[in-house]
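Q: Coordinates for the following, if possible.
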Amino acid sequence: MALGGLMDFGRNPKHFSVNVLDMFFTQLPNMVVFYSCIAIYNKFIHPLRPLLLTGSLLCIYGLSLFMWFLNTHIVSAMIQANKATTSHSPYYSMRFCIEVLWLFIIYAFFAFGYYYFNKSIQHQKQIRMIESEKHHAEYAFLRAQINPHFLNNTLNFFYARSLPLSGELADGIMTLSEIMHYSLKVDHDDARRPIAEEITHIQNVININQLRFDHQLQIHFLVSGLTENIRIIPLVLITVVENILKHGNCTDTLHPVTITLNIDHKEGRVHLKTYNRKKSGPKELSSGIGIQNIAKRLNHFYGKNHRLSINETEIDYSLELTLNDLN
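A: As a prediction, the model looks like this:
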């Protein structure tokens, strides 16, 4: 608006006077073009929808043309705007349309520059956030791996010492050793692991909890299908199981926990289905990374090739997870 006033002053310095209304209405069509273009860029560029984008730009140009006609032929005369000449080109003339088109292109381009600059800033913020989260994850992973050989060797020592005293205790220690060993060897970059290893890990976790609760847990873990050449990201299935152990009533003989894993090797599809009643007493602590984080990881790695469905009521909880194109 200030530059517009300076241009009016340069055209006719002797008769120039400051007119705020003139400055405002002179720049109003440009402001409308600028902010309208930003709005449609945000809506139609990412993802790109060229037909809607083009149509919207043409509509904004038409609106700009109409506003400039009102400003030139009606508003300027009412507010006695600063003009170098008193004659105006007819609104239907080619020259008028081209002049408005030129202004439209300028401010539409400025709007695109602002949009692109703003998106670049957001992208840089996301990159810094991802790098920060990666550093925290790497640090947490390094802390989790402090002396893993010492831990494994210690558990093996306890296993050897307990074997003559109690076979059940020795089996529990060995199962715990296998659980810790698998958790430590899983790559922190979420490299895919054979699903057979995930199944063994689930069985070990269930077995160690059976020992904790004197084999009172009512958990039916059923696996069907061939596991050969099927690989998935690690610690997804086990998180679902840990969530059941944390929140579920796993000792109800009338309503046992059911965990069904079906592997369709031919189609490269894995289908997990669980059901459990909720516990009413205190909840167990869990080392899982949470269902919400699992959903984010699934979206990141599988995109549209997965389906996660959760049905929760006051008394029970069920989950279905399908992973496709795993061959």
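Q: How about the contacts made by I105?
A: Going by C-beta atoms under 8 Å, 6 or more residues apart in numbering, I105 touches no other residue. From N, CA and C alone the C-beta is placed, and that goes for glycine too.
Q: again, but for P256
A: Taking C-beta under 8 Å, 6+ apart, one finds Q218, I219, H220 in contact with P256.
Q: again, only this time at 10 Å
A: Taking C-beta atoms under 10 Å, 6 or more residues apart in numbering as the contact definition, P256 lies against L217, Q218, I219, H220, N249, C250, Y275, N276, R277.
Q: For ChimeraX, write the selection for the buried entries among the residues you listed.
A: To isolate the buried members of those in ChimeraX, using 16 or more other C-beta atoms under 10 Å:
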select :217,218,219,249,250,275,276,277
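Q: can you list the weak-confidence ranges in the stretch 1-150 of the chain?
A: Scanning the stretch 1-150 of the chain for pLDDT under 70 picks out the ranges 1, 4, 19, 77, 79-92, 138-150.
Q: In stretch 245-258, which residues are buried?
A: So stretch 245-258, judged by 16+ other C-beta under 10 Å, has buried residues L245, H247, G248, N249, C250, P256, V257, T258.
Q: pretty sure the fourth one is touching I315, no?
A: Yes. The pair N249 and I315 qualifies as a contact (C-beta atoms under 10 Å) at a distance of 9.3 Å.
Q: Could you tell me which residues touch both of the two?
A: H255, R277, K278, S280.
Q: Name the SS class of the last one, please.
A: Meaning S280. Taking DSSP: H, G, I helix; E, B strand; the rest coil as the rule, one finds S280 in the coil state.
Q: That one and D252, how far apart?
A: Computed as C-beta to C-beta, to the nearest Å, the S280 to D252 distance reads 11 Å.
Q: before we move on, the earlier item: present the buried residues of stretch 245-258 as JSON lines; the columns should include distance to R49 and pLDDT.
A: Below are these laid out as JSON lines (distance: C-beta to C-beta, whole Å; pLDDT from 0 to 100):
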{"residue": "L245", "distance to R49": "47", "pLDDT": "89"}
{"residue": "H247", "distance to R49": "43", "pLDDT": "88"}
{"residue": "G248", "distance to R49": "45", "pLDDT": "91"}
{"residue": "N249", "distance to R49": "50", "pLDDT": "92"}
{"residue": "C250", "distance to R49": "50", "pLDDT": "92"}
{"residue": "P256", "distance to R49": "51", "pLDDT": "95"}
{"residue": "V257", "distance to R49": "47", "pLDDT": "95"}
{"residue": "T258", "distance to R49": "45", "pLDDT": "96"}
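Q: Which ones among these map onto helices?
A: Those of these mapping onto helices are L245, H247, per DSSP state H.
Q: possible to save the buried residues of stretch 245-258 as TSV with distance to F104?
A: Below are the buried residues of stretch 245-258 laid out as TSV (distance: C-beta to C-beta, whole Å):
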residue	distance to F104
L245	63
H247	59
G248	62
N249	66
C250	67
P256	69
V257	65
T258	64
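Q: Go through the buried residues of stretch 245-258 and name the one nearest Q124.
A: Nearest to Q124 out of those is H247 (C-beta to C-beta; 39.6 Å).
Q: how about the strands in the chain?
A: Per DSSP state E, the chain carries strands over the ranges 193-194, 219-224, 231-232, 257-264, 269-277, 306-312, 316-323.
Q: Tell me which of the shared contacts of N249 and I315 has the lowest pLDDT.
A: The member of the shared contacts of N249 and I315 with the lowest pLDDT is S280, at 79.
Q: That one: neighbour count?
A: By other C-beta atoms under 10 Å, the residues close to S280 number 7.
Q: and it, what does it touch?
A: N249, I315.
Q: cool, the one 10 residues further on as well?
A: By C-beta under 10 Å, 6+ apart, G290 lies in contact with T239, E242, N243, K296.
Q: what's the spacing between it and Y302?
A: 18 Å.
Q: same question, L63
A: Applying C-beta to C-beta to L63 and Y302 gives a distance of 44 Å.
Q: More neighbours: which of these two?
A: Just comparing L63 and Y302: by other C-beta under 10 Å the higher neighbour count belongs to Y302, 19 against 15.
Q: who's in contact with that one?
A: I232, I233, V236, L308, T322, L323, N324, D325, L326.
Q: Can you tell me which of those are buried?
A: Neighbour counting over these (16+ other C-beta under 10 Å) leaves I232, I233, V236, L308, T322, L323, N324, L326 as the buried ones.
Q: quick one: F157 and A170 touch, right?
A: No. The pair F157 and A170 does not pass the contact test of C-beta under 10 Å, sitting 11.6 Å apart.
Q: Show me which of these two is the more surrounded one.
A: Between F157 and A170, counted using other C-beta under 10 Å, A170 has the larger neighbour count: 17 against 11.
Q: can you pull the pLDDT of that one?
A: Looking at A170, its pLDDT reads 85.
Q: ok, so what distance separates it from I38?
A: 69 Å.
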